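Novice: Sharing a model prediction with you, sequence too.
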Amino acid sequence: MKAGIVIVGGGIIGASIAHHLAEAGAGADTVVIERDPTYEWAATPRGSGGIRQLFSLPENIELSRYGLAFYRDFETAMAVAGEPAPIGFRQQGYLFLSDRGGHADMEANFQAQAALGVEAQLLDADAIQSRFPAITVDDVALGVFSPSDAWIDPHAALMGFRAKARAGGVRFHAGEVTDLEADDNAVRRAHLASGETVEGETFVLCGGAWTAALGAMLGWDIPIEPMSRESHFFRAQDEIEDLPFIKTESDLAFRPEGTGYTGGVPEWSTPAGWNFELSQNHFETVVWPALARRVPALETLRLERSWRGHYARSRLDFSPIFGPWSGGLANAHVCSGFSGHGIMHAPGAGRAMAELLTTGRYQSIDLTPFGYQRVLDETPYRERGIV
Ligand SMILES: Cc1cc2nc3c(=O)[nH]c(=O)nc-3n(C[C@H](O)[C@H](O)[C@H](O)COP(=O)(O)OP(=O)(O)OC[C@H]3O[C@@H](n4cnc5c(N)ncnc54)[C@H](O)[C@@H]3O)c2cc1C
């Protein structure tokens, strides 16, 4: 098989790049190689699907703003042959709570967000209490509420990207890349476990938390590692008012999901690595107490399901690594390391990569600061908001 552009990894990042390439007229020249079209272990269907503009870095804020607008219109804009593409877009806002002394940073980030046009509100504890009576605020210094933020069903969005990209001429090929062959000048072909080869002119590595292994096939050191996170779905016994997606400095993150809630408390101190095994009692000893502390009505709840997924995290600074292989083969690109933000940033990342590949430069959001050059320079470009 031959293609102009070969995308390795067809999660939401690879599929969004494929869709945006199709929009740019390069669909028929693009192939996506994905080893598991059911996405059993991929991060995308295991993510919470939150879309928020509450960041400190301008690139992250801009990516979120584009993602929010994109997902708001997804159902109709991504229709294929008249079939709408519903993704459960729910615009119920995000609420950040400063409960661990970081209020100065949260306020500074709020100013940066406001300067870029984000319509968030800085709230003191009383204002939070009167707006959301279910929430305990006795330990909260301040909060930032962004009412236009939202969440979606990430699996539905992934399927929508795939279907639309296909309709635009992109080929999705089921297969596992086991090697990437290069000569001194360029990457030439991908070898698949089936024995097939895919020749290409440009390669984009989008393997999520597996991206470092793809880079290693070329001798390219991409410092992205998996970070395991446990999530839960639970129901409350009592009726609670409509809540936004709540994230606190003390690491509690949860939101409404259907008639229940989904969320958790990540264990940041756990070393990086693959771990799909559920913990014995993390929910009972850490998550549930944190939920009940923040929303007393959640003292009575029923845990229904837990699962693990992996953030793809850059060791350098937790920010994505994006663009060509500076100092290496010019036709090799990476688009990965989105930590907990790859669903919301997939539309903007896909558009930016399509711009880069079809016009040679970023046209809308300049993502140069996320480039691989900063890895070579050992210059972290770090998000100061809650990650
Ligand atoms: C618990 C949790 C909560 C999250 N919450 C949010 C949230 O609220 N909002 C948000 O925006 N993001 C969130 N995220 C992050 C988000 O899920 C990821 O950033 C995003 O899904 C990454 O997409 P991806 O395409 O890079 O990776 P993936 O979805 O993992 O896709 C990578 C694909 O590459 C394929 N692949 C790998 N190696 C090969 C190979 N050798 N050959 C062929 N194919 C290969 C894999 O099979 C996989 O399908 C969350 C993540 C987790 C784990």
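Specialist: Alright, I've got the coordinates.
Novice: ok, for the residue in the stretch 201-350 of the chain positioned nearest to the ligand, nearest residue in space, not its chain neighbours?
Specialist: Going by CB to the nearest ligand atom, the ligand is nearest to G342 of the stretch 201-350 of the chain, at 2.0 Å. For every residue, glycine as well, the C-beta is placed using N, CA and C. Excluding the flanking residues, the one nearest G342 by CB to CB, 6 or more residues apart in numbering is I13, at 5.8 Å.
Novice: Run the chain-centre distance for the helix or strand hosting the one you found.
Specialist: Element membership of I13, judged by DSSP states H and E, is helix 12-23. Mean-position distance between helix 12-23 and its chain equals 15 Å (CA atoms, centre = their mean, to the nearest Å).
Novice: For that helix, which outside residues touch it?
Specialist: Contacts with helix 12-23, where a contact means CB atoms under 8 Å, 6 or more residues apart in numbering, come from 5, 7-8, 10, 27, 29-30, 32, 34, 44, 78, 154, 157-158, 161-162, 164-165, 167-170, 172, 204, 206, 208, 335-336, 338, 342-343, 346-347, 349-351, 353-354, 357-358.
Novice: rerun that using 6 Å as the cut-off
Specialist: Here helix 12-23 makes contact (CB atoms under 6 Å, 6 or more residues apart in numbering) with 7, 30, 32, 44, 158, 161-162, 164-165, 168-170, 206, 335, 342-343, 346-347, 349-351, 353-354.
Novice: per-residue confidence for the residue nearest to the spatial centre of the chain?
Specialist: Nearest residue to the geometric centre of the chain (CA atoms, centre = their mean): G342, 1.5 Å. As predicted, G342 sits at a pLDDT of 98.
Novice: List the buried residues of the longest helix anywhere in the chain.
Specialist: Selection of the longest helix in the chain by residue count, based on DSSP state H, yields helix 342-359. Neighbour-count burial for helix 342-359 flags 342-358 (criterion: 16 or more other CB atoms under 10 Å).
Novice: quick one on the thing from earlier: the helix holding I13: what's the following helix or strand?
Specialist: Past helix 12-23, the next helix or strand by DSSP H and E is strand 30-34.
Novice: Is the helix or strand that comes right after that next one in proximity to the ligand?
Specialist: Once the chain leaves strand 30-34, the next helix or strand it forms, by DSSP H and E, is strand 50-51. Yes: counting by CB under 6 Å from any ligand atom, the ligand has neighbours in strand 50-51: G50.
Novice: How far off centre is strand 50-51?
Specialist: 9 Å.
Novice: what do you get for stretch 316-334?
Specialist: Using CA atoms, centre = their mean, the offset of stretch 316-334 from its chain centre is 18 Å.
Novice: So that stretch, near the ligand or not?
Specialist: No: shown here: stretch 316-334 not in contact with the ligand (CB under 6 Å from any ligand atom), separated by at least 8.7 Å.
Novice: For Q121, what are phi and psi?
Specialist: phi -120, psi 130 (degrees, to the nearest 10).
Novice: Cool, thanks, talk later.
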